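In: My questions are about this predicted structure, shown below with the sequence.
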Amino acid sequence: MTVLVVGGGISGLTAAYALGRAGIPTMLVEATDRLGGKVRTERVDGFLVESGPDSFISYRPAALELARELSLGDAIIGPTHPRTVWIRSRGRFVQLPEGMGLALPTRLGPFIATDMFSPLEKLRIGLDLVLPRDGLGRDVSVGAFLRRRLGGVLVDRLAGPLLGGVYGTPIDELSLDAVVPQLREAERRHRSLLLAGIASGRAAKVGGSGSPFVSLAGGMGQLSGALVEAIEESSGVEVRMKSTAVTLVGRGGGFDVRFANGELLRPEAVVLASPGPVTAGLLDEIAPAAAAHVRSITHSSTAVVSLGYRLDQFPKPPSGHGFLVAEGEPLAVDACTMSSLKWAGRAPDGTVLLRVFIGSRSPGVLAGSDAEIVALVERDLALAMGVHAAPILARVARWIGQMPNYTVGHLERVAGASAALAGLPNLAIAGAAFRGIGVPDCVAQGRAAAARVGEVLSGGVPGPAEAAEAVPA
Ligand SMILES: Cc1cc2nc3c(=O)[nH]c(=O)nc-3n(C[C@H](O)[C@H](O)[C@H](O)COP(=O)(O)OP(=O)(O)OC[C@H]3O[C@@H](n4cnc5c(N)ncnc54)[C@H](O)[C@@H]3O)c2cc1C
């Protein structure tokens, strides 16, 4: 083996796959007895349960391209239509205005018509049309940026639930530059964010784009499964399960990697595709400055509760793709996706599969038992949707300390780690903690890490240590 890839999540699998395709002898080590990391799809009693991601965005093309490359083109599916998302705000459900992007409306009509905001609140939002540019170059929180331009109600009721949910970080801590740099660019070019949003809506219409989200007919596990198959077919890649890397030190031009079971491996190059805190620990001895930068990227927790119901258990049939919860609502849950209404093939006929996120608004609940978490979710669903019957399926997946927080200054921390690794060209880091938490960005990072070490092994010039596309989704 020439290259050691640590971590069998989507980032590490992609790196090992790319190295195998490049004909470089590689070993992938995974601490657990399962490959895929946060990508985890299971069939339970006819339900397709996703414990981690259930879809990915197509406008950052790495995952889509990989799926096609792995002959999964026919399995790519879009969500069912129409896309209706609800926001639980001030004790009732309000429909997300049509054409709402991640933070900005892209169509004026539905935004003016929505009863989510009072006329006075809409006036405050409209102040954006005349406010001058901020002009500050430094990173700020997405919340602070949007509050200044569009006011607090838009942040608390719309942008916060939309963005905070995706990134698992409160919007007032989330880095503008790392997460939505296009908002700063929009202000620079158009001054008004509302005008910029509407211009982007027009451009999308011209391009005829539909929903940006896609998934796979067999769930996201189809992507990691196809990667694993391709790796297994590649003669140059060996996979070792239940192998936990614990220390990494330099040895001449290569490395000594020690494992929890005492084993020692001596690769010429290493790709660390482990979760951020593990990567920091592995860098401690060989690159303490890089380790400090990586360690300063904090992680939070969440749980996904998958609940199956018979349709007749609901007082009225559920509709739409799901709901988000606005700031200040007396609910413990963060959001709910109506999985089987959003994606085909997720639940048997006559049943509904819900996927509920919990942990951001009420972190304490994650210390409870599965039964306690399910009970809390059931209480909220009874309150919000009137479903009082016990679910016919309940599954809890906890991700404790595993959600990287892209807080203000994130890009500086990543650049700091990269700079501190400049003297170790045959060591690359990749994964959700660095340049994008979404599956497409993890795929891109896995490929870039493989390219960096591959380049060095063939005597070329390496890319940056955490090389990837510029900005996360
Ligand atoms: C609940 C949830 C919902 C999400 N929803 C979406 C979504 O809808 N769309 C989307 O695009 N993204 C989504 N994401 C984000 C995305 O799934 C993750 O960011 C991505 O899968 C992370 O991949 P990774 O390979 O970087 O890390 P991981 O998947 O965490 O993989 C790291 C691997 O390293 C292994 N490991 C750890 N320590 C060691 C060690 N010492 N030695 C060897 N191996 C080790 C771990 O066991 C693991 O298998 C979601 C994430 C979560 C948790």
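Out: Thanks, I have it.
In: Which other helices and strands does the stretch of helix or strand residue 148 belongs to contact?
Out: In this structure, residue 148 is located in helix 142-150 according to DSSP states H and E. With contacts taken as 3 or more CB pairs under 8 Å, 6 or more residues apart in numbering; DSSP states H and E, helix 142-150 sits against helix 176-179, helix 181-190, helix 193-207. Glycine gets a C-beta too; all of them are placed from N, C-alpha and C.
In: Go through that helix and flag the buried ones.
Out: 142, 143, 144, 145, 146, 147, 149, 150 (16 or more other CB atoms under 10 Å).
In: quick revisit: for the helices and strands packed on helix 142-150, which one sits closest to residue 44?
Out: Among the helices and strands packed on helix 142-150, the nearest to residue 44 by CB to CB is helix 176-179 (33.4 Å).
In: That closest one: which residues count as buried?
Out: 176, 177, 178, 179.
In: Could you single out the nearest of those residues to residue 425?
Out: Closest to residue 425 out of those is residue 178 (24.9 Å), distances taken as CB to CB.
In: With adjacent residues omitted, what lies nearest to that closest one?
Out: Leaving aside its sequence neighbours, residue 178 sits nearest to residue 410 (CB to CB, 6 or more residues apart in numbering; 4.0 Å).
In: dump the residue contacts of the one you found.
Out: Neighbouring residues of residue 410 by CB atoms under 8 Å, 6 or more residues apart in numbering: 139, 175, 177, 178, 297.
In: packing partners for the longest helix seen in the chain?
Out: Longest helix in the chain by number of residues, with DSSP state H as the criterion: helix 439-457. Here helix 439-457 touches strand 3-6, helix 10-21, strand 56-57, helix 62-69, strand 269-272, strand 427-429, going by 3+ CB pairs under 8 Å, 6+ apart.
In: Could you dump the buried residues of helix 176-179 into JSON lines and include pLDDT?
Out: As requested, the buried residues of helix 176-179 are exported to JSON lines (pLDDT from 0 to 100):
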{"residue": "176", "pLDDT": "96"}
{"residue": "177", "pLDDT": "96"}
{"residue": "178", "pLDDT": "96"}
{"residue": "179", "pLDDT": "95"}
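In: Of these, which is the nearest to residue 165?
Out: Of all the buried residues of helix 176-179, residue 179 has the smallest distance to residue 165: 12.5 Å, by CB to CB.
In: Let me see the contact set for that closest one.
Out: When contacts are counted by CB under 8 Å, 6+ apart, residue 179 touches 142, 163, 167, 406, 472.
In: Which pLDDT value does the model give the first one?
Out: So the one you mean is residue 142. If you check residue 142, the pLDDT there is 96.
In: list the contacts for it?
Out: Residue 142 is in contact with 103, 159, 163, 171, 172, 174, 175, 176, 179, 180, 183, counting by CB under 8 Å, 6+ apart.
In: give me phi/psi at the fifth one?
Out: When read as degrees, to the nearest 10, the backbone of residue 172 gives phi -80, psi 0.
In: ok, is stretch 390-401 in contact with the ligand or not?
Out: Yes. On the criterion CB under 6 Å from any ligand atom, stretch 390-401 is in touch with the ligand at residue 399.
In: Could you tell me which residues within stretch 360-367 count as buried?
Out: Using 16+ other CB under 10 Å as the test for burial, stretch 360-367 gives 360, 361, 365, 366.
In: Switch the residues you listed over to CSV; also include pLDDT.
Out: Below are the buried residues of stretch 360-367 laid out as CSV (pLDDT from 0 to 100):
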residue, pLDDT
360, 89
361, 86
365, 95
366, 96
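In: ok, of those, which one's closest to the ligand?
Out: Nearest to the ligand among the buried residues of stretch 360-367, counting by CB to the nearest ligand atom, is residue 360 at 11.2 Å.
In: Many thanks, we can stop here.
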